[in-house]
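Novice: sequence and predicted structure are below.
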Amino acid sequence: MKRSLILLCLATLLCGCATIKGWFNDAKSENIEPPTPLTEFPQTLNVQKLWSERIGKGAEATGARMGTAYSDGKLFAASVTGDVSAFDATTGHTLWHKQLGSRHGFIWHHGANSVRWSGGPSVDGDLVVVGTLEGSVQAFSAKDGADLWNAQLSSEVICPPAIGGGLVAVRTHDGRVFGLDARDGKRLWVFDRATVPLLSLRGNSAPRIDGGVVYVGEDNGKVIAIRANDGGELWEQQISTGEGRSDVERLQDVDGAIKIDNGVVYASGYRGQTAALIAQSGRPLWTHDLSSFTGVALSATQLYASDADSGVWALDLRSGSSEWKQDGLKYRWVSEPAVQGDAVVVGDMEGFVHWLSISDGKFLARTRLAKEPIAAAPIVVGDVVYVEDVEGEIGAFRVGK
């Protein structure tokens, strides 16, 4: 019964009826699998907070996993309240900031009805791209925030676009994938053959561009490979097959981050499997029965993912066999993981940031950003980790021994 209630909370996020923050608070107030209490441990990593800043109100009521993007010493962030900013990644000093209002035609008007950023930001070179709940995509100059172009798509954008090879690939919530010209936002193609179930989790897998191919996870439990030059389908592979009598029981989204490394695509599905697929054909190299909606992270020899109960796993990258599992964060609804040196980094529902050893999963360090949930993946740049919570609080932490 408790599991069903959790699934229902997740499902309501589809239509924006609940926020990420609200979902966590509801789970706590209803005592639906209360989060595992944190225990003390000897910290073997030194974590120093460098700075903190705020970007508007963060993701607020969108249910999107909005985070930051890093490039060339700058950290970029956006907010549902229409704010988009570039920060000096070392000091947190604001380099430029824009607050945009409602859009009429191609003219932005400041006012009470702000643009509701919900997908991104993403950055490549001088191009910063952010999507909105209204289904538009806006491009800015990374240097000074100048408007570059705007494109109107078919549905809301709640995951970061991908940029590469002169293409911006955007996944909209209605299941379409758009290929836009990175120079001017002109629509080059649209992939519109994925089926969207009646009910799905509130979240989308961000597209990835690698070797002239766009890889994307879909709400029907499939990973799809699309040619970047014309939007034609190369292959599709089912990794999640939700089964049951009700729509809730049949939830099967591939919502988390996909990773590509050495010709292999790594992905995880909710109520499905974590899989390694040959990038050229989609044929599985291995699968592991690990259901996840937050995506995967990779080190040189392992894959890391959190299961549907927030147990954190390490799988062997070559075989998919289990190396270790850490249950100390169970029911704490951890973020997508990131790898920093010899540690795996995740945020949780109470604003804590945790570092786990990649060798055995033991806790190495813990700190706290604020008291709000961290839903987006931490961003790792050398010995610094950047974290954003759902209310727009951003923190930079330096990690050392």
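Specialist: Nice, I can see it. Residues are numbered from 1 along each chain as shown.
Novice: next, work out how far apart the residue nearest to Ser291 when sequence neighbours are not counted and Val390 are.
Specialist: Ranked by CB to CB, 6 or more residues apart in numbering and with sequence neighbours excluded, the top spatial neighbour of Ser291 is Ala308, at 4.6 Å. Heads up, the C-betas are built off the backbone N, CA and C, glycines and all. According to CB to CB, to the nearest Å, Ala308 and Val390 sit 20 Å apart.
Novice: same question, Val47
Specialist: 21 Å.
Novice: who has more neighbours out of the two?
Specialist: Val390 (30 against 16; other CB atoms under 10 Å).
Novice: quick check: that one touching Leu369?
Specialist: No. Using CB atoms under 8 Å, Val390 makes no contact with Leu369, being 10.9 Å away.
Novice: contacting residues around Thr294?
Specialist: By CB atoms under 8 Å, 6 or more residues apart in numbering, the residues touching Thr294 are Asp255, Gly256, Ala257, Ser268, Ala305, Ser306, Val334, Ser335, Glu336, Pro337.
Novice: which element is the residue lying farthest from the centre of the chain on?
Specialist: With CA atoms, centre = their mean as the measure, the chain has its most outlying C-alpha, relative to the mean C-alpha position, at Pro42: 30.4 Å. If you go by DSSP states H and E, Pro42 is not part of any helix or strand.
Novice: let me see the backbone angles for the residue nearest to Ser291.
Specialist: phi -70, psi -10 (degrees, to the nearest 10).
Novice: burial of it, as a residue count?
Specialist: 16.
Novice: contact partners for it?
Specialist: Contacts of Ala308 by CB under 8 Å, 6+ apart are Tyr270, Arg271, Ser291, Ser292, Phe293.
Novice: Serialize those to CSV and add fields for neighbour count, distance to Trp149 and pLDDT.
Specialist: Output for the contacts of Ala308, formatted as CSV (neighbours: other CB atoms under 10 Å; distance: CB to CB, whole Å; pLDDT from 0 to 100):
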residue, neighbour count, distance to Trp149, pLDDT
Tyr270, 25, 34, 73
Arg271, 21, 39, 69
Ser291, 19, 39, 85
Ser292, 27, 35, 86
Phe293, 26, 32, 79
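Novice: can you put these in JSON lines and add secondary structure and distance to Asp230?
Specialist: JSON lines is the format used below for these (DSSP: H, G, I helix; E, B strand; the rest coil; distance: CB to CB, whole Å):
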{"residue": "Tyr270", "secondary structure": "coil", "distance to Asp230": "31"}
{"residue": "Arg271", "secondary structure": "coil", "distance to Asp230": "33"}
{"residue": "Ser291", "secondary structure": "coil", "distance to Asp230": "34"}
{"residue": "Ser292", "secondary structure": "coil", "distance to Asp230": "32"}
{"residue": "Phe293", "secondary structure": "coil", "distance to Asp230": "31"}
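Novice: what about the contacts of Thr294, which are in strands?
Specialist: Ser268, Ala305, Ser306 (DSSP state E).
Novice: out of those residues, which are buried?
Specialist: Buried subset of these (neighbour count, 16 or more other CB atoms under 10 Å): Ser268, Ala305, Ser306.
Novice: closest one to Lys98 out of those residues, please.
Specialist: The nearest member of these to Lys98, counting by CB to CB, is Ser306 at 34.3 Å.
Novice: against Ile379, how distant is the closest one?
Specialist: 17 Å.
Novice: and for Asp360?
Specialist: 25 Å.
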